[in-house]
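J.: Show me how the following folds:
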Amino acid sequence: MARTYLRIPRVLRCWPKASAGKACNAGAAAPGRNPSGRGGFASLLCRSSLIGNNPTTLLASPAASLNSAPKFSTVAAARDSKTGSKLIRVLLCFLALSAGAAHAAQYHWRFALEEIKGSVQDHYAQQFKKLIERRTHGKVQVTIYPYGALGTSSDLTEQVQNGILQFAFASPGHLGSVVPESQIFSLHFLFPKNEDAIEKILSSSPALYNELGKAYLDKQLKLLAIIPEGWMVWTSNKPLRTPADFKGFKIRTMVSPLVLADYRAYGANPTPMAYSDVYSGLQLHMIDGEVNPVFAIEEMGFYEVQKYMTFAYHLPFVTTLVTNPQFFDGLPKNLQQTVLDVKKQLDGYIFKVQKRLNKKRLKIIQKKSDIKTLYLTDAERAAFRKDALPVRKQYVKLAGPRGKKILNTLEQEIAAATGKSDEKQTGAQ
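T.: All right, here's what the predicted structure looks like:
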C-alpha cells in the first residue's frame with residue numbers, strides 16, 4: 001500500500017492512503033520515529049472518533065508504544081473532509097506546541113480554556129497543573145491552551161468527546177444544545193444570593209454531580225467540577241430596578257431558549273447578538289443593554305458605552321470542567337484519585353480567586369468611568385423572582401423527566417443550605 005509522509009518538526013509519521021474499509025496501520029514503523037515512543041500523527045488520526053471510532057485513551061499515555069495502539073478504520077474520508085481538515089489542524093497544533101515537552105513524563109494531558117490568560121479559568125487551570133505535576137512527581141505533564149488556540153467553545157467540547165483533549169471547560173451557554181439539562185444554570189433566582197451556600201452547592205450537590213452528571217455521560221462527557229466566575233450583571237443607560245423597567249428593553253443575550261424566556265418574563269425584548277458585536281451594538285443603540293459577569297464587562301469595555309451596572313444577584317455565571325469518560329476510567333486508580341483530590345482542593349481556592357478578580361475588575365471600571373453601580377434590595381429582587389418562576393416549567397419541558405428531577409432535588413438542596421423553603425423565599429435567600 002502506498003504511503004504519504006508528512007513532515008512535522010522532530011516527528012515523522014506515516015499517513016496511509018487507505019480506501020474505505022481498509023485498516024489504518026497505526027502500529028507500523030515509520031522513518032524518524034520519535035524515540036520517546038509517544039503515539040504519533042497517524043496514531044492520533046486513527047484513534048479519534050471524529051473519523052468514525054470511539055476514543056479509548058487518546059494521548060492519555062504519551063509513553064505508550066505505537067505497536068499497542070488500537071487499529072481503527074480508514075482516515076481517507078476524513079482527510080478530504082472539512083472535519084478531517086479541522087482535526088489535522090488541531091493535531092498539528094498539539095504537536096507543534098508540545099514537541100519534546102513530554103519526554104520526561106509518562107502522561108501528557110491537554111487542558112483547554114474558554115477564556116484568555118489571567119482569567120478565572122486560567123487561574124484554575126494553572127493551579128490544577130501545578131498540583132497535578134507536583135503530586136505525580138512529574139509523571140504527568142499538563143499543557144494549558146488559552147481560548148482560541150484550539151477553536152471555539154463548541155470545538156473544545158467536541159475534542160473532549162472524541163478523546164483529543166483530556167480536560168476542557170464547557171460553559172452552559174453553548175453546552176445547552178448538547179446537554180439540555182445543563183440549562184439549569186440559566187434559571188434566574190434559582191441559586192441563592194448567599195455565596196457560602198453557592199460554594200457548598202456547586203462543590204458537592206448530588207443533584208448536579210449525580211443527576212446532571214449522568215446527562216453529561218450520555219454525551220461522552222464526565223462532569224468533574226462546576227466553577228463560579230462571578231455574578232451576572234445588567235448594564236444599561238437607565239436604572240433597571242423593576243420588571244416594568246424592562247418593558248421593550250432590547251437586551252443582548254445568548255441564543256438559549258431559557259435565557260430568552262427569562263427576559264421575556266420581565267417584558268424585555270431579548271436580542272441575540274455575536275459577542276464581538278456587542279460594543280458597537282451598544283454604541284449605535286442597536287441594543288439598549290447587555291448582561292455579563294464583571295470581568296467580561298471590563299475586558300470588553302462595555303462600561304464605556306453604558307451608564308448603569310445593576311447587581312440583581314439573579315444568576316451566578318458558571319462553567320463546568322469536563323473530561324472524556326473513557327480517558328478517565330482508563331487511568332490507574334491512583335491517578336483518578338489524584339485528579340479528584342485536586343478538584344476538591346480547588347473548589348475553595350477558585351471561589352476566593354473569582355471574588356478577588358471580580359472585585360479588582362469592578363474597581364478598574366469605577367476608576368476609569370463614571371458609571372453608576374446599583375444593587376437591588378430584597379424587595380426589588382422578589383418582584384423579579386416572582387416573574388421568573390414560571391420559566392422553570394419551560395426548563396422541565398425542555399430537559400424532560402431527568403431535568404425535572406434535577407430541578408426538584410436542587411431546590412431542596414438550596415432550601416436546606418439557606419434554611420428557607422422555596423415557597424417562603426423572598427428573593428433575598
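
J.: Give the bridge partners for residue 169, please.
T.: Beta-bridge partners of residue 169, counted by DSSP bridges, are residue 321.

J.: Measure how buried it is and give me the count.
T.: 27 (other C-beta atoms under 10 Å). (Glycine included, C-beta is placed from N, CA and C.)

J.: doesn't residue 318 make contact with it?
T.: No: using C-beta atoms under 8 Å, residue 169 makes no contact with residue 318, being 10.1 Å away.

J.: May I have the secondary structure class of the nearest residue to residue 329 once chain neighbours are set aside?
T.: Using C-beta to C-beta, 6 or more residues apart in numbering and skipping the chain neighbours, the partner closest in space to residue 329 is residue 336 (7.9 Å). Following DSSP: H, G, I helix; E, B strand; the rest coil, we place residue 336 in the helix state.

J.: got it, and residue 386?
T.: In three-state terms, and counting by three-state DSSP, residue 386 is helix.

J.: repeat for residue 224
T.: Using three-state DSSP, the structure places residue 224 in strand.

J.: joint contacts of residue 169 and residue 318?
T.: Applying C-beta atoms under 8 Å, 6 or more residues apart in numbering, one finds that residue 169 and residue 318 are jointly contacted by residue 227.

J.: Now do the contacts for the residue nearest in space to the middle of the chain.
T.: What sits nearest the mean C-alpha location of the chain, by C-alpha atoms, centre = their mean, is residue 170, with 1.8 Å. Shown in contact with residue 170 (C-beta under 8 Å, 6+ apart): 114, 153, 156, 157, 160, 221, 319, 320, 321, 322.

J.: ok, the fourth one touching residue 175?
T.: Yes: the criterion here is C-beta under 8 Å, and residue 157 meets it with residue 175 at 6.5 Å.

J.: Give me the more crowded residue out of those two.
T.: Neighbour count, other C-beta under 10 Å: between residue 157 and residue 175, residue 157 has more, with 28 against 24.

J.: ok but that one is inside a helix, no?
T.: Yes: per three-state DSSP, residue 157 lies within a helix segment.

J.: For residue 292, see how far away it is.
T.: Taking C-beta to C-beta, to the nearest Å as the measure, residue 157 falls 21 Å from residue 292.

J.: Please give me every residue in contact with the residue lying closest to residue 281 once chain neighbours are set aside.
T.: What sits nearest to residue 281 in space, not counting adjacent residues and going by C-beta to C-beta, 6+ apart, is residue 287, at 4.6 Å. Taking C-beta under 8 Å, 6+ apart, we find residue 287 in contact with 250, 251, 252, 271, 273, 278, 281.

J.: Now for those residues: which two are most distant?
T.: Pairwise distances across the contacts of residue 287 (C-beta to C-beta) peak at 11.9 Å, for the pair 250 and 278.

J.: Strands of this structure, start to end?
T.: 3-8, 11-16, 107-112, 140-145, 167-170, 222-236, 250-253, 269-272, 289-293, 308-311, 316-323, 372-375 (DSSP state E).

J.: average pLDDT for the first one?
T.: In this case it means strand 3-8. For strand 3-8, mean pLDDT is 36.

J.: now the helices for the stretch 251-400 of the chain?
T.: For the stretch 251-400 of the chain, helices defined by DSSP state H, counting those that start in this stretch occupy the ranges 257-264, 278-283, 294-300, 325-329, 333-368, 378-388, 391-418.

J.: Tell me which of the ones you listed sits nearest to residue 229.
T.: In terms of C-beta to C-beta, the element of the helices of the stretch 251-400 of the chain nearest to residue 229 is helix 333-368, at 5.5 Å.

J.: Just tell me which of the helices of the stretch 251-400 of the chain ends up closest to residue 217.
T.: Residue 217 lies closest to helix 325-329 among those, at 5.9 Å (C-beta to C-beta).

J.: okay, that closest one in PDB with CA atoms only?
T.: Provided in PDB are the C-alpha atoms of helix 325-329 (Å, rounded to 0.1, in the frame of the first residue of the first chain):
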ATOM      1  CA  PRO A 325     -15.000   9.300  30.500                       C
ATOM      2  CA  GLN A 326     -13.000   6.600  28.700                       C
ATOM      3  CA  PHE A 327      -9.800   8.500  29.300                       C
ATOM      4  CA  PHE A 328     -10.600   9.000  33.000                       C
ATOM      5  CA  ASP A 329     -11.700   5.400  33.500                       C
END
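
J.: Report the distance from it to the chain centre.
T.: Here the centre of helix 325-329 is set off from its chain's centre by 18 Å, with C-alpha atoms, centre = their mean, to the nearest Å.

J.: and it, which residues are buried?
T.: Neighbour-count burial for helix 325-329 flags 325, 326, 327, 328 (criterion: 16 or more other C-beta atoms under 10 Å).

J.: One more: stretch 257-274?
T.: Buried-residue list, stretch 257-274, by 16+ other C-beta under 10 Å: 257-263, 265-266, 268, 270-271, 273.

J.: now stretch 307-324
T.: Across stretch 307-324, burial judged by 16+ other C-beta under 10 Å covers 308-324.

J.: hang on, the earlier thing: and the strands of the chain: which comes nearest residue 419?
T.: Nearest of the strands of the chain (C-beta to C-beta): strand 316-323, 19.3 Å.

J.: Next, the angle from that closest one to strand 222-236.
T.: Strand 316-323 runs at 150 degrees relative to strand 222-236, counting by axes from the mean of the first three to the mean of the last three C-alpha atoms, to 10 degrees.

J.: which strands and helices sit next to strand 316-323?
T.: helix 153-161, strand 167-170, helix 172-175, helix 195-204, strand 222-236 (3 or more C-beta pairs under 8 Å, 6 or more residues apart in numbering; DSSP states H and E).

J.: one step back: tell me how far the residue nearest to residue 281 lies from residue 139.
T.: Distance, residue 287 to residue 139, by C-beta to C-beta: 51 Å.

J.: same check, this time on residue 114
T.: According to C-beta to C-beta, residue 114 and residue 139 sit 28 Å apart.
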